[in-house]
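Participant: From the sequence below, what's the structure:
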Amino acid sequence: SVGLAPVIRSQVLARLPSAVLISIVGQDRYQTAAFVADRVMAKLGTVGKVVVAPGDSFADGLAVAPLAASQGWPVLLTPRVGAPPQTTTDEISKLGADSALVVGTYARANVAHVDRLVGADRYATCALIAQYAAGHGASFTHAALVTGENFPDALVAGAYLSKDAGILLLTPIADRQVATPPPNVKPQSCGALSSTCGLIAPWETTRGPFCRHDCMSGEDWMSVPHAPRSTLPSW
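Facilitator: All right, here's what the predicted structure looks like:
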């Protein structure tokens, strides 16, 4: 568990009595991120690059999460404005990374090489991250379109996408009316996944004209169903 209060951890163990629960909890979100980075380092042995994202908003960190997970880049947090906290600065030095991908902030990262992606808003930043990810082995063949106005859908979709280097795209909540394809156009499935069914048109052009994606939607973020097995990529 990451960042969970003791009462929640107790409830998890009550439901899963045979589970081994590893708890990662820092004094604040910045220290918790550093503790998670330590776990990544212990698992991988070396870390060549870190990701630095705002810790006082959710969108940029979630947009970059699938890329970071697939590449083995720990995600560290900083306030969007101002200097990174000492916890984050110390962790970068501790990990020994010589490069950083900084998203959604102009915070300084004390490494030899910095790639910085900052757009006019969360959607523009996400688009820059998507382009960057595509240049680092990710593919639009497996993409998820999720609302950028709240975090739960993007949070759960990120792990799914990281399994085969997919790309997460954020979209505003739009009209709930479902768009229909133009006449005489046969949709081509592109393997895209949407957790915002009814929030975006299911005929968005993801990888060419009138691609169709597989929509998953629930009454709230705790009831979004699993994708049908036929829609999942081969891992």
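Participant: Quick one: residues in contact with stretch 104-122.
Facilitator: With contact meaning Cβ atoms under 8 Å, 6 or more residues apart in numbering, stretch 104-122 is reached by 50, 52-54, 57, 59-61, 63, 78-84, 89, 92-93, 97-103, 125-129, 132, 148, 170. Where you see a C-beta, it was placed from the backbone N, CA and C, and this is true even at glycine.
Participant: Buried ones only from these, please, as a PyMOL command.
Facilitator: Applying 16 or more other Cβ atoms under 10 Å to those, the buried members can be selected in PyMOL as follows:
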select buried, resi 50+52+53+54+59+60+61+63+78+79+84+89+92+97+100+101+102+103+125+126+128+129+132+148+170
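Participant: Now L145: which helix or strand?
Facilitator: Mapping L145 onto the secondary structure by DSSP states H and E places it in strand 143-147.
Participant: quick one: strands adjacent to that strand?
Facilitator: strand 167-171 (parallel), strand 188-194 (parallel) (DSSP bridges).
Participant: Comparing the ones you listed, which yields the minimum mean pLDDT?
Facilitator: The minimum mean pLDDT among those belongs to strand 188-194 (a mean of 43).
Participant: I8 falls within a strand, correct?
Facilitator: No: read with DSSP: H, G, I helix; E, B strand; the rest coil, I8 is helix and lies in no strand.
Participant: gap between it and R39?
Facilitator: 19 Å (Cβ to Cβ, to the nearest Å).
Participant: cool, A100 as well?
Facilitator: 19 Å.
Participant: Tell me which residues are up against the longest helix seen in the chain.
Facilitator: Criterion DSSP state H: the longest helix present in the chain is helix 29-44. For helix 29-44, contacts defined as Cβ under 8 Å, 6+ apart pick out 2-3, 24-26, 47, 50, 55, 72, 74-78, 85, 87-88, 90-91, 94-95.
Participant: Now the buried members of those residues.
Facilitator: Looks like the contacts of helix 29-44 have 24, 47, 50, 55, 74-78, 85, 87-88, 91, 95 buried, using 16+ other Cβ under 10 Å.
Participant: For Q71, which non-adjacent residue is closest in space?
Facilitator: Residue nearest to Q71 in three dimensions, not counting chain neighbours: H136, with 6.7 Å by Cβ to Cβ, 6 or more residues apart in numbering.
Participant: The one you found contacts L67, doesn't it?
Facilitator: Yes: here H136 reaches L67: they are 6.7 Å apart, a contact under Cβ atoms under 8 Å.
Participant: The two: which has the busier surroundings?
Facilitator: L67 (28 against 14; other Cβ atoms under 10 Å).
Participant: Can you tell me the SS state at that one?
Facilitator: Under three-state DSSP, L67 comes out as helix.
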